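1. curious how this folds, go ahead:
(one chain, ligands or ions: 1)
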Amino acid sequence: MTTQTKILGTGICLPEKVMTNFDLEKVVDTNDEWIYERTGIKARRICSTEGGEWPTDLAEKAAWRALEAAALTPDDIDMIIFASVTPDVKLPNSASILQQKLKITNQCAAMDIAVACSGFVYGANMADSFIKTGMAKKVLVVGSEMLSREIDWSDRTICILFGDGCGCAIFGAAEEGETSEVLATHLGTDGSGAEFFDQPIGGAVTPLTAEHIAAGEHFMRMKGREMFKVATRTLAENARIVLKKAGLSLEDVDWVVPHQANIRIIETTARLIGVPMEKVIVNIENYGNTSAATVPIAFHEAVMDGRIKRGDIVLFDAFGAGLTFGATLLRY
Ligand code: ACO
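-> Residues are numbered from 1 along each chain as shown. Take a look at the predicted model:
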C-alpha cells in the first residue's frame, strides 16, 4: 500500500496586542476607510518587543496545540520545517531553537525555509514528500513571522498591510482505511520578479550599518501594484496546475485557503478561477498579511469552527517574495 499523507493536527498562536486601523491613523497619514476598502484589513496583531512573543515563542505555543490535537508528544516529531523571513536570530536556525523549546530529545532534522509568504505551502509539500518516501514519519511544519520588526512604520504604503502570527500543522501517514491524502502539489519560483518585494540591506552583500538604520534603508520594500498583478495571475495558475495533476475540477474543491495578502487579490483570483467566495476562507480582516503564517492560521480557524471537515477537499494556494509560489491540494 502506498503511503498517504494526512494532517494530524494544527495549532496557531497570535500575539496579544491588537493594532486596529484606527490605531494606525495615529502612526501614519492613513484612515480606516482607505485601508479597509483597498485591502480588507481592519486589524493586525503585533508581537511584544519585550520578549515572550518572538517567532519561536509563538511557534512553541502553536506546536503544543497541534501536538495535543494530534495526540502526540514532542519526541514523536522526527522533522521540523520552519518557514519564516523574520527569524528570532540569524544563527542558529529557528527550527533548532524550536526543537529545544519543545524539549525534543530525538535529534530530529530541523530546517528553516525562507520563501516568504509561500513558506507554509512549501513546507507542506516538502513534508508530503518526506512522508511518502519514508524519510520522516511526523513532520511539524511551522509558519511564524514577526514582520512588524522589518517594516517601515513611517511608510503608509506598506505598514498597513502586515501583521505578526504563527500557524502550524503536523503531517504524518494516514492509517489504512482513512481517506485523508495529499492529492497534488506544485511549487515554483520566478526570480525575475525579485525586486517587487525585497530587503537588500543587512545581508552578506551590504552588511547593516548605523547609517542604513538612520536612513531607514534596512526595511522590507515592496512594489505594491506589481505584486498585485503577479499575485492574482500566479494564484489562479497554481490552482489550475494542481487540479489538473489530480484530475479534478473546481467543483470538486470544498474549500480554498489562499494566502491572505489583500482581499482584492483573493476576490480577483476567485473570479479568475471561477470559485464562489463562499468556498474561500478569508480572515485577513483580523490579522492582515502574516506571510508564511496566513495559510495555516486560516486553515486552523476554519477547522476549529467546523467549516472544514475531515473528507473535504481543500486547496492551499500561495505566492510570496522571490517570487515564490505553490499549492497543495488535499483531502483533509
Ligand atoms: N492610506 C491612505 N492613502 C494611501 C495609503 C494609505 N495607507 N497608501 C497609499 N495611499 C495613497 C497613495 O499615495 C495614492 O495617492 P495619490 O493617488 O494621491 O498618489 C493613492 O492612495 C493610491 O495609491 P496606490 O498605491 O495606487 O493604491 P493601490 O490601490 O494600488 O493600493 C496596495 C495599494 C493596497 C498596496 C495594493 O497595491 C496592494 O495591495 N498590492 C499588493 C500588495 C501585496 O499583496 N503584497 C504582497 C506582499 S508579498 C506577499 O504577501 C508575499
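2. OK, contacts around residue 319?
-> Residue 319 sits next to 117, 118, 230, 231, 234, 235, 238, 259, 261, 325 when contact means CB atoms under 8 Å, 6 or more residues apart in numbering. For the C-beta atoms, the positions are set from N, CA and C on the backbone; glycine is no exception.
3. show me which residues of the stretch 51-200 of the chain sit near the ligand.
-> 116, 117, 156, 157, 160, 197 (CB under 6 Å from any ligand atom).
4. now the two most distant members of the contacts of residue 319.
-> 238 and 261 (13.6 Å; CB to CB).
5. quick one: which of the residues of the stretch 51-200 of the chain next to the ligand is nearest residue 270?
-> Within those, distances to residue 270 taken as CB to CB reach their minimum at residue 117, with 17.7 Å.
6. how about the secondary structure of that closest one?
-> When classified by DSSP: H, G, I helix; E, B strand; the rest coil, residue 117 comes out as helix.
7. what is the neighbour count of it?
-> Applying other CB atoms under 10 Å, we find 30 residues neighbouring residue 117.
8. give me the pLDDT value at it.
-> pLDDT, residue 117: 97.
9. could you give the bridge partners of residue 169?
-> Beta-bridge pairing of residue 169 under DSSP bridges involves residue 10, residue 141.
10. residue 62 versus residue 319, what's the distance?
-> When distances are taken as CB to CB, to the nearest Å, residue 319 and residue 62 turn out to be 23 Å apart.
11. same thing with residue 185?
-> From residue 185 to residue 62 the distance is 23 Å (CB to CB).
12. more crowded one of those two?
-> The neighbour comparison of residue 185 against residue 62 (other CB under 10 Å) goes to residue 62, with 29 against 23.
13. doesn't residue 145 make contact with the more buried one?
-> No. With contact defined as CB atoms under 8 Å, residue 62 does not count as touching residue 145 (11.9 Å).
14. all helices for this protein, in order.
-> Under the criterion DSSP state H, the chain carries helices at the ranges 21-25, 32-39, 55-70, 94-101, 119-132, 210-215, 224-246, 263-273, 284-287, 294-304.
15. make JSON lines out of these and add distance to residue 204.
-> Output for these, formatted as JSON lines (distance: least, CB to CB, whole Å):
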{"stretch": "helix 21-25", "distance to residue 204": "34"}
{"stretch": "helix 32-39", "distance to residue 204": "34"}
{"stretch": "helix 55-70", "distance to residue 204": "22"}
{"stretch": "helix 94-101", "distance to residue 204": "19"}
{"stretch": "helix 119-132", "distance to residue 204": "21"}
{"stretch": "helix 210-215", "distance to residue 204": "14"}
{"stretch": "helix 224-246", "distance to residue 204": "25"}
{"stretch": "helix 263-273", "distance to residue 204": "32"}
{"stretch": "helix 284-287", "distance to residue 204": "32"}
{"stretch": "helix 294-304", "distance to residue 204": "29"}
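16. near the residue nearest to residue 176 when sequence neighbours are not counted, how many other residues are there?
-> For residue 176, ignoring the flanking residues on the chain, the nearest one in space by CB to CB, 6 or more residues apart in numbering is residue 1 at 6.6 Å. Burial of residue 1, expressed as a neighbour count using other CB under 10 Å, amounts to 4.
17. per-domain residue ranges of the protein.
-> The domain map for the chain lists 5-173, 181-331, with the assignment taken from automatic domain parsing.
18. quick one: which of the helices of the chain is nearest residue 332?
-> With CB to CB, the closest approach to residue 332 among the helices of the chain belongs to helix 294-304: 7.6 Å.
19. can you confirm whether that closest one lies near the ligand?
-> No. Applying CB under 6 Å from any ligand atom, one finds helix 294-304 out of contact with the ligand, separated by at least 7.9 Å.
20. now the angle from that helix to helix 55-70?
-> In terms of direction (axes from the mean of the first three to the mean of the last three CA atoms, to 10 degrees), helix 294-304 departs from helix 55-70 by 30 degrees.
21. contacting residues around helix 294-304?
-> Counting by CB under 8 Å, 6+ apart, helix 294-304 makes contact with 10-12, 14, 117, 120-121, 141-143, 165-169, 255, 257-261, 281-284, 287, 290, 308, 314, 316, 318, 332, all of which sit outside it.
22. distance of the nearest residue to residue 43 once chain neighbours are set aside relative to the ligand?
-> Nearest-residue entry for residue 43: residue 20, 4.6 Å, with adjacent residues in sequence omitted and distances by CB to CB, 6+ apart. Applying CB to the nearest ligand atom, to the nearest Å, the value for residue 20 to the ligand is 14 Å.
23. enumerate every residue touching residue 20.
-> Each residue near residue 20 by CB under 8 Å, 6+ apart is listed here: 32, 42, 43.
24. nearest to the ligand among those?
-> residue 32 (9.7 Å; CB to the nearest ligand atom).
25. mind listing what that closest one touches?
-> 20, 21, 22, 25, 42.
26. and the furthest pair within those residues?
-> Using CB to CB, the two most remote members of the contacts of residue 32 are 25 and 42, lying 12.5 Å apart.
27. give me the neighbour count for the residue nearest to residue 245 when sequence neighbours are not counted.
-> Closest residue to residue 245 apart from its sequence neighbours, by CB to CB, 6+ apart: residue 184 at 3.8 Å. Burial measure for residue 184: 19 neighbouring residues, criterion other CB under 10 Å.
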